[in-house]
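K.L.:
what's the 3D shape of this:
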Amino acid sequence: MANQTVRFDEATMAQLNRATSAEPARVQFAKGKRPVKVGEVLVAVFSSEGGVVRRAKVGRDPNFRELLLWLAGTEAAVERCAAEPSPGAPQLTAGEAALLDEAGFVEGEKGLPGALALSGIDYDLLLTDSLSLEQAAKLLHVKTTSRLRQRLADRTLYGIKDGKNWRVPKFQFVRGKLVRGVDQVFPHIRRDAHPLAVRSWFSTPHQDLVVGKDDQRVTPLAWLAAGNSPEEVARLAAEI
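P.N.:
Below is the predicted model of the structure:
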């Protein structure tokens, strides 16, 4: 719960409104003015009712690309909260609770982490539940990981770089094989698309992917697994 209030004057708000839009805006500090120390970040979320800002230590200075990824993760969490309002207080799973404790997050007023914390938990769980290159090679019956590294470079296999290692999310597999045609879709996804957004897009029914007499909406993964055209999914993938 916020324990203090920071008030922006009209000039600051006008500049903020001019600078921000649907696209991320790079923020530069005035010469000699650094409100954030080395190894810290400021996290801010605003709505028409006001906003919340928090300072957090990260141990090092993230680069601009990392900040964009964090912003995308925050946006994914906000969209999820807006799309799926919960009338009650959902219980954390054992895995989420363990990650929350390990990360040192403090529980909120109702005993729940905030949207940003949940996004971080989702991302950590995605990495934890993904396959190592060795595990993926075994699943795909590939003798060495060099072939998988080539596929990751060609973007015919989806992976997440975790430090010096690669993690291969499980959503792209079904019954021990890559989903049919998914390798033709991955190259059409923006390189900077956040992994949570990628997984969510593939697993969410799409309005342009319909099957049957009732025009039932299906997920991109279900569309591909049923043997339908990967070209249609590849065309839509640019929206991620």
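
K.L.:
quick one, domains of the protein?
P.N.:
The chain resolves into domains spanning 10-84+94-128, 131-239 when parsed by automatic domain parsing.

K.L.:
For the chain, which element, helix or strand, carries the lowest mean pLDDT?
P.N.:
helix 94-103 (a mean of 56; mean pLDDT, DSSP states H and E).

K.L.:
Give the next helix or strand downstream of that helix.
P.N.:
helix 115-129 (DSSP states H and E).

K.L.:
Any idea how far that next one is from the middle of the chain?
P.N.:
8 Å (CA atoms, centre = their mean, to the nearest Å).

K.L.:
Give me the buried positions along the next helix or strand along the chain from it.
P.N.:
Next in sequence after helix 115-129, counting helices and strands by DSSP H and E, comes helix 133-139. Neighbour counts over helix 133-139 (16 or more other CB atoms under 10 Å) mark 133, 136, 137 as buried. All C-beta spots, glycine's among them, are computed from the backbone N, C-alpha and C.

K.L.:
Show me what helix 133-139 is packed up against.
P.N.:
helix 146-154 (3 or more CB pairs under 8 Å, 6 or more residues apart in numbering; DSSP states H and E).

K.L.:
got the buried residues for the helix it packs on?
P.N.:
Neighbour-count burial for helix 146-154 [16+ other CB under 10 Å]: 148, 151, 152.

K.L.:
And stretch 31-51, by the same measure?
P.N.:
Neighbour counts using 16+ other CB under 10 Å place 41, 45 of stretch 31-51 among the buried residues.
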